[in-house]
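Asker: kindly return the folded structure for what I paste below:
(2 chains)
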Number of protein chains: 2
Amino acid sequence: MRKVVVQGVGMTRFGKHLNRSLKDLTNEALQGAMLDAGVNLSGIEAAYIGNAMAGIISGQECIRGQVMLSGSGLEGIPMFNVENACASGSSAFHMAWMAVASGMYDMVLAIGAEKMNHPDRSRAFRALQGAVDVEDMERNSEKSENRDNQSLFMDYYAAEAREHMSRFGTSIETIAKIVVKNSRNGSLNSRAQYQIPQTLDAVLNSRTISDPLRLLMCSPVSDGAAAAIICSEKAAKKLTNQPIFVAGSVVLSGNASDYKGASSTERAAAKAYEIAGVQPSDIQIAEVHDAAAPGEIWAYEHLGICSPGEGGRLLESGATEIGGRIPVNPSGGLISKGHPVGATGLAQIAEVVWQLRGQAESRQIPTRPRLGITQNAGGLLHGGNAAVAINILSS
Amino acid sequence: MRKVVVQGVGMTRFGKHLNRSLKDLTNEALQGAMLDAGVNLSGIEAAYIGNAMAGIISGQECIRGQVMLSGSGLEGIPMFNVENACASGSSAFHMAWMAVASGMYDMVLAIGAEKMNHPDRSRAFRALQGAVDVEDMERNSEKSENRDNQSLFMDYYAAEAREHMSRFGTSIETIAKIVVKNSRNGSLNSRAQYQIPQTLDAVLNSRTISDPLRLLMCSPVSDGAAAAIICSEKAAKKLTNQPIFVAGSVVLSGNASDYKGASSTERAAAKAYEIAGVQPSDIQIAEVHDAAAPGEIWAYEHLGICSPGEGGRLLESGATEIGGRIPVNPSGGLISKGHPVGATGLAQIAEVVWQLRGQAESRQIPTRPRLGITQNAGGLLHGGNAAVAINILSS
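Answerer: Down below sits the predicted model:
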């Protein structure tokens, strides 16, 4: 298989965009990626489109990508709608990568977009509740419980957090410090939904969502789009002398023997490291799936950035801050940057590309990194993530 | 890219399966495909899953494939949910083909499943209405019109039929004879939803759905699943001495310059013929997208089986019957076999594989064909199909 380059990335600001359509958000991300790549529409041979919620949010059950890209000038090319819940964007990226690596296409588009905000706020929560085994859930759940305004994902993160606290002595303050770090990073990111640094007290004093999770520890309801233009090494040579390569790209589903879903990330990361021929200690920047703050602590451990149980101490050491040994979520992460689920994986790719190029504005990692990783997870099944995607990028 | 073999296929009977879950249907198709391929679960390295409607039918918005395959023993491998409306199954097949052709995997699964029947019959029609540009439709439609029990796709087919009748002199009787042929074929197919040969009078006298379409000219609301196990030529050599190759696989989206959506099929077929290095006149069996009977007539023309406008005359000549020069829809087509949308493309593949192997029971084409084509289309956009998939298989 051929070497593949991420030639250009683009994204909208994430946030509440009630008056903008998915088509409009998609087009902004596409235009940004094309400008960044230095290419025009005519070079793009196929599109892989990630979205998870348009069915329930707007009634667009089918052909979401074709509708999003309608009017863009890309109509007519192969288009594939790819869904893997909150890992839809990175799954679309993986498929786009394969399409170029295979030799079938020289240049393709991966794009992810999501509108979660709707005048009826319960729709976003209902969509997220469709990311578990629905029939199984209906059989087992207390029907009387009204879950229309809460994500069951936060209950999952809360239970995992309690276990981590009990097994490894992780404190609620340490979890809150993830938010302090990521909100500070987000304040430096002009595309982040929230650009306000939060204090430890503010995080701890925000209302409890599902004990021990506080509101500010949870990623928000977001709208937005992100895109990447991916091409062969040969095609990239005509466009840049600073290519960013895809060193490894892995998507896996969860299985029942995964330790509470954790090890789907461990399995995927191990495979990606092997493909890329690198060690966890070689990684110089990570964008990870902090849909709730404790998720970042598990990510440290499951990506091998630290040993099992040491995630809290790694955070406390300052190693994962922008100036630290291994900066994690310099973009602000899902918590501050926002989490429009179908776009998130591609926004992670965009951040790593910008950091590897030295183009990350005032949040640029001081010693420019040469190797970065993204971790994106989606859905709940078998007690863990239904899908996990790992991508390793290198300059 | 490597040569790819369809090593095994399986499908459920299509029909009304109110008491069977998607998981149950999927498992039957998977077991059938594994038995047919002579492989077990351990050989399958990734899965590409087509489904279009589970969000609206059962609330399974996300991770549909992971849920369908939960308990199958395949958990843990890469899984991708692929959606392209009624072309979802063949889009999943195309991605599975690429995954093997690229050299990334030696053996993968493509599976499509759909439950359309629901105690609330309006759900299937609502799902189909999500296969157009929903926001555009809402802006333009008469809000007062109650469309909950009718497919707007049938209005589309009806308009196209009227135009074909007016331009080329195609008669309503000729269109009805598509149903006579396909229902006779379906009566020979133990997996078809309808196994009753229809008379010309019965077709013409069934109630009008959208003039000139009669009820029996329209594919039914169906449940079912179909699967294919796809592998490298090298892997196939250990399993069979009668391999069926994927000679060409193309998926395209529609664009505004397509002649009423027709030429997305023409464009895709031309590309597939070029890749396969064959001419339309080389094709010896075709399974085409007769979601309504006139669709088969256009397919004759757009696949180059006959000249533009000659589709009606080709049918009348008997050439497309099982004993004719170029049998079309020997399975019974969507009209008789049924059309569980996410499964349809893979059921077409299964039929061509069986025919190429000489295993098509009493509907076997007498002179065993060596080259077959499938045409699967989905969604409506820009006045035509949003997605079209063409696959050419050869023995």
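
Asker: surely A:N81 and B:F80 touch.
Answerer: No - using CB atoms under 8 Å as the test, A:N81 is too far from B:F80 to be in contact (10.5 Å). For glycine as for every other residue, the C-beta is placed from the backbone atoms N, C-alpha and C.

Asker: which neighbours do those two share?
Answerer: Counting by CB atoms under 8 Å, 6 or more residues apart in numbering or on different chains, no residue touches both A:N81 and B:F80.

Asker: dump the residue contacts of A:I392.
Answerer: A:I392 neighbours (CB under 8 Å, 6+ apart): A:246-249, A:272-273, A:275-276, A:278, A:283, A:371-373.

Asker: swap that for A:R184, sorry
Answerer: By CB under 8 Å, 6+ apart, the neighbours of A:R184 are A:P197.

Asker: for whatever residue of the stretch 151-300 of chain A ends up closest to chain B, what are phi and psi?
Answerer: Closest approach between the stretch 151-300 of chain A and chain B, counting by CB to the nearest CB: A:N255, at 3.5 Å. Main-chain dihedrals, A:N255, degrees, to the nearest 10: phi -140, psi 170.

Asker: just checking, it touches A:A268?
Answerer: No - A:N255 is beyond contact range of A:A268, at 11.9 Å (criterion: CB under 8 Å).

Asker: buried set for the worst-scoring helix or strand of chain A on mean pLDDT?
Answerer: Least confident helix or strand of chain A, by mean pLDDT, DSSP states H and E, is helix A:134-140 with a mean of 83. Using 16 or more other CB atoms under 10 Å in any protein chain shown as the test for burial, helix A:134-140 gives A:V134.

Asker: how about the residues of the stretch 201-350 of chain A near chain B?
Answerer: A:250-258, A:264, A:267 (CB under 8 Å from any CB of the partner chain).

Asker: kindly recompute the last result at 7 Å.
Answerer: With CB under 7 Å from any CB of the partner chain as the criterion, the stretch 201-350 of chain A meets chain B at residues A:251-256.

Asker: which of the residues you listed fall within strands?
Answerer: A:251-253 (DSSP state E).

Asker: neighbour-wise, which of the contacts of A:I392 leads?
Answerer: A:I373 (31 neighbours; other CB atoms under 10 Å in any protein chain shown).

Asker: quick one, what contacts that one?
Answerer: For A:I373, the contact set (CB atoms under 7 Å, 6 or more residues apart in numbering or on different chains) comprises A:283, A:286, A:303, A:390, A:392.

Asker: kindly report the same for A:P212.
Answerer: Counting by CB under 7 Å, 6+ apart, A:P212 has contacts A:158, A:161-162, A:172.

Asker: who wins on neighbours among the residues you listed?
Answerer: A:A161 (24 neighbours).

Asker: and the average pLDDT for the helix or strand encompassing that residue is what?
Answerer: According to DSSP states H and E, A:A161 maps onto helix A:152-168. Helix A:152-168 comes out with an average pLDDT of 92.

Asker: just the element for the residue lying closest to A:N81 once chain neighbours are set aside, please.
Answerer: For A:N81, ignoring the flanking residues on the chain, the nearest one in space by CB to CB, 6 or more residues apart in numbering or on different chains is B:E83 at 4.2 Å. Assessed by DSSP H and E, B:E83 sits inside strand B:79-83.

Asker: what's that strand packed up against?
Answerer: Where contact means 3 or more CB pairs under 7 Å, 6 or more residues apart in numbering or on different chains; DSSP states H and E, strand B:79-83 is packed against strand A:79-83, strand B:47-50, helix B:64-68, helix B:88-101.

Asker: rerun at 6 Å
Answerer: Other elements packing on strand B:79-83 under the criterion 3 or more CB pairs under 6 Å, 6 or more residues apart in numbering or on different chains; DSSP states H and E are strand B:47-50, helix B:64-68, helix B:88-101.

Asker: for A:S232, find the nearest of the ones you listed.
Answerer: With CB to CB, the closest approach to A:S232 among these belongs to helix B:88-101: 15.2 Å.

Asker: quickly check: the next helix-or-strand element following the closest one near chain A or not.
Answerer: Tracing the chain past helix B:88-101, the next element assigned as helix or strand by DSSP H and E is strand B:107-115. No - Strand B:107-115 stays clear of chain A (CB under 6 Å from any CB of the partner chain), getting no nearer than 10.9 Å.
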